[in-house]
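1. build me a structure from this.
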Amino acid sequence: MNSIRLLAAFALAFLTLALPIRAIGQEVSVGVMQAPPFALTDGEGLNTGLTVDLFRLAAEAADIEYTFVALPAGTDPVDALARHDIVLPVEGSAEIESRADLSQPFYTATLGMAAPEDPMVLRVVKGFVTLDFLRIVAGVAALLFVVGAIVWAFERRTNEEMFHKAPSRGLGDGFWWAGVTLTTIGYGDKAPVTTMGRAIAMIWMLVGLAVSASLTAAVVTLASGDGQSIDLPEAVLEKRVAVPVDGSAEAFLKGRGVIAAVVPDPSAALAEIAADRADVVVAAAPLLHWANERDGQSLRITTTRWDPVLIAMAFNEGDPLRERMDRALLTVIASETGQEVVRRWIPEDF
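-> Predicted structure coming up:
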């Protein structure tokens with residue numbers, strides 16, 4: 001019996017020594033990798049950023065004490081776990097998950113592409129020489145033809161001077177009338193005189209206000225180039241491409257046979273364009289937006305839907321702390337406070 005008690009005492013002592021440091025009241029060590037806007041160190045040495053601020057809220061909710069330790073750029077997050085309990089922010093991938101445990105994502109980013117702005121005239125010309133513009137023209141033409149044909153059908157017998165009875169000319173009269181009425185020009189050379197014709201004209205004038213506004217917005221969008229999507233890797237073929245090291249863009253392009261120059265970070269990648277050593281930069285869209293604004297660049301950033309990247313934090317495999325932080329993080333992200341943090345660091349126009 002005494003030997004059993006002795007073995008139990010040794011086992012208890014061993015388990016006590018094996019407990020994580022945080023279990024006996026010490027702080028959790030959090031390694032912070034510099035990746036604005038997800039994590040950065042400001043001028044006063046304060047760690048901040050989207051993932052850092054959300055981590056603070058989650059740690060407070062989970063009653064976890066912590067200390068931040070800045071990590072050098074290019075640090076392998078899994079290697080850093082040998083010295084820290086948590087590393088953030090980390091781009092979630094199968095390769096990292098095979099060597100560490102990942103948390104619930106803080107944010108899901110997609111790839112973006114940075115390129116010099118085209119001159120305004122060239123952007124307008126490019127906007128009009130697109131399939132989208134042809135679709136708009138065809139849609140408006142079809143609508144004008146239908147409305148004009150309806151008015152002509154009511155007017156052709158009693159108003160032949162303005163709407164010729166013969167379809168070959170009358171449908172053209174109706175098309176012309178529908179067009180000038182839509183644009184509110186109303187030359188007055190054609191006007192319906194029948195009750196049904198005037199009723200349709202009144203309805204068309206009211207509907208035309210909405211159609212004209214929508215048409216104007218669509219044309220302006222096409223002319224400015226806003227809202228146009230890009231396809232990767234087609235958009236970067238035969239171009240000089242730069243990507244940040246160890247990012248999702250590097251793996252994405254490499255897997256599709258695109259050779260890219262690898263540089264330390266997004267700012268260095270954008271500098272490659274300024275130095276005329278690259279035509280475009282591909283990286284997570286929020287990183288490009290942040291670097292573009294911080295460095296005073298005037299590059300055009302286009303966000304794609306390609307290669308969603310989960311921004312998370314990494315734990316040592318089997319660490320029970322991950323489950324505690326996951327529960328707290330889910331609560332924080334779903335809260336209004338958490339959403340405000342996301343909007344502050346990554347505005348909707350990014």
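
2. what packs against the helix or strand hosting residue 322?
-> Following DSSP states H and E, one finds residue 322 within helix 321-334. The helices and strands touching helix 321-334, judged by 3 or more Cβ pairs under 8 Å, 6 or more residues apart in numbering; DSSP states H and E, are helix 50-61, strand 309-315, helix 336-345. Heads up, the C-betas are built off the backbone N, CA and C, glycines and all.

3. can I get the shortest one in CSV? Just the C-alpha atoms.
-> Listed next in CSV are the C-alpha coordinates belonging to strand 309-315 (Å, rounded to 0.1, in the frame of the first residue of the first chain):
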residue,chain,number,x,y,z
VAL,A,309,-6.8,33.3,-46.9
LEU,A,310,-7.8,32.6,-43.3
ILE,A,311,-6.0,34.9,-40.9
ALA,A,312,-5.7,33.1,-37.6
MET,A,313,-3.3,32.5,-34.7
ALA,A,314,-1.2,29.4,-34.1
PHE,A,315,-0.8,27.2,-31.0
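
4. list the contacts of the strand or helix carrying residue 288.
-> Element membership for residue 288 (DSSP H and E) is helix 285-294. The contact list for helix 285-294 (Cβ atoms under 8 Å, 6 or more residues apart in numbering) reads 35-38, 107, 109-114, 244, 247, 265-267, 269-270, 281, 297-299, 301, 303-304, 346, 350.

5. again, only this time at 7 Å
-> For helix 285-294, contacts defined as Cβ atoms under 7 Å, 6 or more residues apart in numbering pick out 35-37, 109-112, 114, 266-267, 270, 281, 299, 301, 303, 346, 350.

6. likewise for stretch 148-157?
-> 162-163, 165, 170-171, 173-175, 177-178, 192-194, 196-197, 200-201.

7. still on that earlier bit, out of the helices and strands packed on helix 321-334, deepest packed?
-> Mean neighbours per residue, mean count of other Cβ atoms under 10 Å, is largest over the helices and strands packed on helix 321-334 for strand 309-315, with a mean of 25.

8. setting aside sequence neighbours, what's the nearest residue to the spatially most central residue of the chain?
-> Note on the chain: the residue nearest the mean C-alpha position is residue 303, at 5.1 Å, using Cα atoms, centre = their mean. Leaving aside its sequence neighbours, residue 303 sits nearest to residue 285 (Cβ to Cβ, 6 or more residues apart in numbering; 4.3 Å).

9. mind checking how far the one you found is from residue 66?
-> Using Cβ to Cβ, to the nearest Å, one obtains 29 Å as the distance from residue 285 to residue 66.

10. give me the neighbour count for residue 184.
-> 10 (other Cβ atoms under 10 Å).

11. quick one: the strands in the stretch 151-300 of the chain?
-> Remark: strands assigned in the stretch 151-300 of the chain by DSSP state E, counting those that start in this stretch are 241-244, 261-263, 280-284, 300-303.

12. counting contacts, what elements does the lengthiest helix in the chain pack onto?
-> Determined from DSSP state H, the single longest helix within the chain is helix 195-224. For helix 195-224, the contact count by 3 or more Cβ pairs under 7 Å, 6 or more residues apart in numbering; DSSP states H and E identifies helix 120-128, helix 131-155, helix 167-182 as packing neighbours.

13. tell me the angle it makes with helix 131-155.
-> The directions of helix 195-224 and helix 131-155 differ by 170 degrees, with axes from the mean of the first three to the mean of the last three Cα atoms, to 10 degrees as the criterion.

14. in helix 195-224, what's buried?
-> Going by neighbour count (16 or more other Cβ atoms under 10 Å), the buried part of helix 195-224 is 197, 200, 201, 204, 208, 211, 215, 218, 219, 222, 223.

15. tell me the confidence at the last one?
-> By that I understand residue 223. Listed pLDDT for residue 223 reads 64.

16. repeat for residue 309
-> At residue 309, pLDDT is 82.

17. what's the separation between residue 57 and residue 71?
-> 21 Å.

18. ignore what I typed, I meant residue 329.
-> Taking Cβ to Cβ, one finds residue 329 at 20 Å from residue 71.

19. those two: who's more crowded?
-> residue 329 (25 against 21).

20. without its sequence neighbours, what residue ends up closest to the more buried one?
-> That would be residue 58: by Cβ to Cβ, 6+ apart, it lies 4.4 Å from residue 329.

21. I am finished for the moment; much appreciated.
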